[in-house]
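Undergrad: Need a 3D model of the following:
(3 chains)
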Amino acid sequence: MRFAAGAEVRVKRDFPELHGPCHIRTPHYLRGRPGRVERPLGSFPNPEDLAFGRPAARVPLYHVRFDQPALFNEGQSGDTLLVEIFEHWLEEA
Amino acid sequence: MAAPPRAESLVLLERFVTALKAKGVVTEAEIETQITRTDRASPEIGARMVARAWTDPAYRALLLSNGSAAAEAEGVSMAGMPPLGVLEDTETLHHLVVCTLCSCYPRAVLGYPPHWYKSAAYRARAVRDPRGVLAEWGTVLPAGMEVRVVDSTADYRWMVLPRRPAGTEGWDAQRLAAIVTRDHLVGVALPRTP
Amino acid sequence: MTEPDAPPPATHDLGGALRFRCTPVEPDEAPPDAFGKRVDALRQLLGQKGLMTVDEMRRCIEAIPEAEYHALGYYERWLRAISALMVEKGVLAAEDLGP
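TA: Numbering: from 1, shown residues only, chains lettered A, B, ... in the order given. Below is the predicted model of the structure:
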């Protein structure tokens, strides 16, 4: 497990959609966005492999908190968003 | 409103089931048993869990630390179900659950997701304009309360533990459960005394 | 803040989609109809029997072209996905599902 609660992270600004069929559980609107690890949620088989019937290694999953108004330049200051993100989609901010 | 299925979908379902039965993959009895089993889950289960948490501190602690175990303690079989996470509302924090990518929903304790939860409008807007969505339910939060949108993207299923409303002092768990609805457990509305 | 090399979000990836920015959420509470319940039961049974994962089903739902994705009902999408998946996996033949 690479990140602990409180770690400053960034969702990778990556778009596998550009390179052929894929199944991704990281929403488009969060790619490249900074957040903070709320807490680790355990490890789960990688859905990107499960979706194609491939052997799927377990990957750590984190609850990551984001500043909500910053995502769309809309909303009320202080509001937040909490999303499950797999470790391979996170980098240190 | 959810539109009824088109004729071609009814035909496809018929062919699909016929073929699965012919190959020995499923039987009609299995389908019927599965429907009966699925019909058994409803928001009344989640409401019961919330009411128990409001009246029993040890259960509240279990609910927040291990939602699946708390569901099991209410007689729900969680074998083979995704883990249940429970989000605690406080005086300064309100949770709103959505699944922007599909329709992840804590079915074991809330039953079938309602049509609106699966709609494009809800999925698109809850993360962008959460307070606008809440306003459509007539939910206006007190000043200073943070909205935390929970986009359910992976292996957990999330349920909200709302705050116990004022004016319910002395109520037992059964009476409390009766005022908790699906909307409160998803976070689009707040429980109130009738 | 979408930079030039970001493709538009996939059809199912709806978080923040401007297209629905002004669409009210219809408060429809009705349970699924008989068609929906049957499709839902099949989805669960095929999963329990180890013939597919929910992730495979999602991948097949995501492959539905955009116009159809929004035109089809929820359980119609599921049926399309799981029936296509059973053909893909060789459990059924394409002819089993129609001419």
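Undergrad: Can you tell me the element the residue nearest in space to the middle of chain C falls in?
TA: Nearest to the mean C-alpha position of chain C, counting by C-alpha atoms, centre = their mean, stands residue C:61 at 3.2 Å. Assessed by DSSP states H and E, residue C:61 sits inside helix C:54-62.
Undergrad: which helices and strands sit right next to that helix?
TA: Here helix C:54-62 touches helix A:47-50, helix C:74-88, going by 3 or more C-beta pairs under 8 Å, 6 or more residues apart in numbering or on different chains; DSSP states H and E. All C-beta atoms are positioned from the backbone trio N, CA, C, and that covers glycine.
Undergrad: coming back round to it: who are the neighbours in contact with the residue nearest to the centre of chain C?
TA: Counting by C-beta atoms under 8 Å, 6 or more residues apart in numbering or on different chains, residue C:61 touches B:102, C:12, C:69, C:77, C:78, C:80, C:81.
Undergrad: how about a cut-off of 7 Å?
TA: Neighbour list for residue C:61: C:12, C:77, C:81 [criterion: C-beta atoms under 7 Å, 6 or more residues apart in numbering or on different chains].
Undergrad: quick one: is the helix or strand bottoming out on mean pLDDT in chain C near chain A?
TA: One helix or strand of chain C scores below all others by mean pLDDT, DSSP states H and E: helix C:66-71, with a mean of 90. No: judged by C-beta under 7 Å from any C-beta of the partner chain, helix C:66-71 stays clear of chain A, getting no closer than 13.4 Å.
Undergrad: Report the buried residues of that helix.
TA: Buried residues in helix C:66-71, counting neighbours by 16 or more other C-beta atoms under 10 Å in any protein chain shown, are found at residue C:69.
Undergrad: So what touches that helix?
TA: With contact meaning C-beta under 7 Å, 6+ apart, helix C:66-71 is reached by B:120, C:11, C:12, C:77.
Undergrad: Run the angle between the helix holding residue C:61 and helix C:74-88 for me.
TA: Relative orientation of helix C:54-62 versus helix C:74-88 (axes from the mean of the first three to the mean of the last three C-alpha atoms, to 10 degrees): 110 degrees.
Undergrad: Give me the average confidence score over helix C:54-62.
TA: Averaging pLDDT along helix C:54-62 gives 96.
Undergrad: so of the contacts of helix C:66-71, which ones are in strands?
TA: Using DSSP state E, no member of the contacts of helix C:66-71 falls in strands.
Undergrad: any idea which of these is closest to chain A?
TA: residue C:12 (10.0 Å; C-beta to the nearest C-beta).
Undergrad: residues near that closest one, how many?
TA: By other C-beta atoms under 10 Å in any protein chain shown, 19 other residues sit near residue C:12.
Undergrad: Repeat that for residue C:50.
TA: By other C-beta under 10 Å, 7 other residues sit near residue C:50.
Undergrad: what do you get for the one 4 residues further on?
TA: Residue C:54: 17 surrounding residues under other C-beta under 10 Å.
Undergrad: Tell me which residues touch residue B:31, please.
TA: Residues in contact with residue B:31 (C-beta under 7 Å, 6+ apart) are C:38, C:41, C:42, C:45.
Undergrad: Then it would be within a strand, right?
TA: No: under DSSP: H, G, I helix; E, B strand; the rest coil, residue B:31 falls outside any strand and is assigned helix.
Undergrad: Would you mind measuring from whichever residue of chain B sits closest to chain A to residue C:63?
TA: Chain A sits closest to residue B:154 of chain B, with a gap of 3.8 Å, by C-beta to the nearest C-beta. Distance, residue B:154 to residue C:63, by C-beta to C-beta, to the nearest Å: 20 Å.
Undergrad: Check residue B:64 too.
TA: According to C-beta to C-beta, residue B:64 and residue C:63 sit 38 Å apart.
Undergrad: Do you know the pLDDT at residue 73?
TA: Assuming you mean chain A. Listed pLDDT for residue A:73 reads 96.
Undergrad: um, chain C though
TA: 93.
Undergrad: Pull up the residues of chain C that are close to chain A.
TA: Proximity of chain C to chain A (C-beta under 7 Å from any C-beta) is limited to residues C:6-7, C:9-10, C:13, C:15-16, C:53, C:55-56, C:58-59, C:62.
Undergrad: can you put these in TSV and add neighbour count?
TA: Output for the residues of chain C next to chain A, formatted as TSV (neighbours: other C-beta atoms under 10 Å in any protein chain shown):
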residue	neighbour count
C:6	16
C:7	11
C:9	19
C:10	17
C:13	22
C:15	26
C:16	23
C:53	19
C:55	20
C:56	23
C:58	21
C:59	23
C:62	21
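Undergrad: Widest-spaced pair of those?
TA: C:6 and C:53 (28.7 Å; C-beta to C-beta).
Undergrad: export the lengthiest helix in chain B as PDB, just CAs?
TA: Using DSSP state H to define each element, chain B has its longest helix at helix B:7-22. Extracted C-alpha coordinates of helix B:7-22, given in PDB (Å, rounded to 0.1, in the frame of the first residue of the first chain):
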ATOM      1  CA  ALA B   7     -41.100  -5.300 -28.400                       C
ATOM      2  CA  GLU B   8     -37.700  -6.300 -29.700                       C
ATOM      3  CA  SER B   9     -36.300  -6.400 -26.200                       C
ATOM      4  CA  LEU B  10     -39.200  -8.700 -25.100                       C
ATOM      5  CA  VAL B  11     -38.400 -11.000 -28.000                       C
ATOM      6  CA  LEU B  12     -34.600 -11.000 -27.200                       C
ATOM      7  CA  LEU B  13     -35.400 -11.900 -23.600                       C
ATOM      8  CA  GLU B  14     -37.600 -14.700 -24.600                       C
ATOM      9  CA  ARG B  15     -34.900 -16.100 -27.000                       C
ATOM     10  CA  PHE B  16     -32.200 -15.600 -24.500                       C
ATOM     11  CA  VAL B  17     -34.000 -17.500 -21.700                       C
ATOM     12  CA  THR B  18     -35.100 -20.200 -24.100                       C
ATOM     13  CA  ALA B  19     -31.500 -20.700 -25.200                       C
ATOM     14  CA  LEU B  20     -30.100 -20.700 -21.700                       C
ATOM     15  CA  LYS B  21     -32.600 -23.300 -20.600                       C
ATOM     16  CA  ALA B  22     -31.900 -25.400 -23.700                       C
END
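Undergrad: No further queries at this time; thank you.
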